[in-house]
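Novice: Mind looking at a prediction? Sequence and model below.
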Amino acid sequence: MVSGQNELSIRLADLTGPDAWAASRLVEAYLTHTELEKAAHLGGSGVGTALSARYRAELDDPARAYENAQAYLADLAGAPIGVVIVQHTATAYELKRVWVDPTARGHRVGSALIDAALSRQDLPTRLTVWDWRDDAIRLYGRRGFVPVASWEDRPRLLCMERARPSTATGTPPGS
């Protein structure tokens, strides 16, 4: 848990209970914002249309959608204002749906969410980020993520990875 003068706390979410609605709402804001950005940066229609069925499944039943994941929620002054999903595979963790409500930005909420997600890291951690999201790319870089060969076929989607920390120090090699 992280605390500060703005009453910021980061916690594991209970997606089978009281946190499902907050996580769903925050992920929906992330997905809606991302779809609008993609329309602006990649062209195409879809602005103002409903989210796809795949995305709706995440929103309608986050516990099921993220059953192999952990969700962290950020609360500021008691209100949920940020989320990150950490998907676990046999070989890596993947950060997904990193989102901070725009009204709460500038309070280091994104940094705190990512730090919490990385706190139990015993495998490499990877993520994808759209190449126009300069602030996010800088934030990930400050947390030890570096661009790597793409595993994605979507243009302009940057793949980044943070190496597994060394067992002696808990920090990434070369930090």
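Specialist: Structure received.

Novice: Specify the local secondary structure of residue 137.
Specialist: Here residue 137 takes the helix state, with states given by DSSP: H, G, I helix; E, B strand; the rest coil.

Novice: Without its sequence neighbours, what residue ends up closest to residue 100?
Specialist: Sequence neighbours aside, residue 82 is the residue nearest to residue 100 in space, at 4.1 Å (criterion: Cβ to Cβ, 6 or more residues apart in numbering). C-betas here are computed from N, CA, C, even on glycine.

Novice: Tell me if I am right that that neighbour is in a helix.
Specialist: No - under three-state DSSP, residue 82 sits outside any helix and is assigned strand.

Novice: wait, isn't it in contact with residue 101?
Specialist: Yes - taking contacts as Cβ atoms under 8 Å, residue 82 lies within contact range of residue 101: 6.7 Å.

Novice: okay, and the common contacts of those two?
Specialist: Counting by Cβ atoms under 8 Å, 6 or more residues apart in numbering, the residues touching both residue 82 and residue 101 are residue 26.

Novice: Those two: which has the busier surroundings?
Specialist: Taking other Cβ atoms under 10 Å, residue 82 and residue 101 do not tie; residue 82 has more neighbours (24 against 18).
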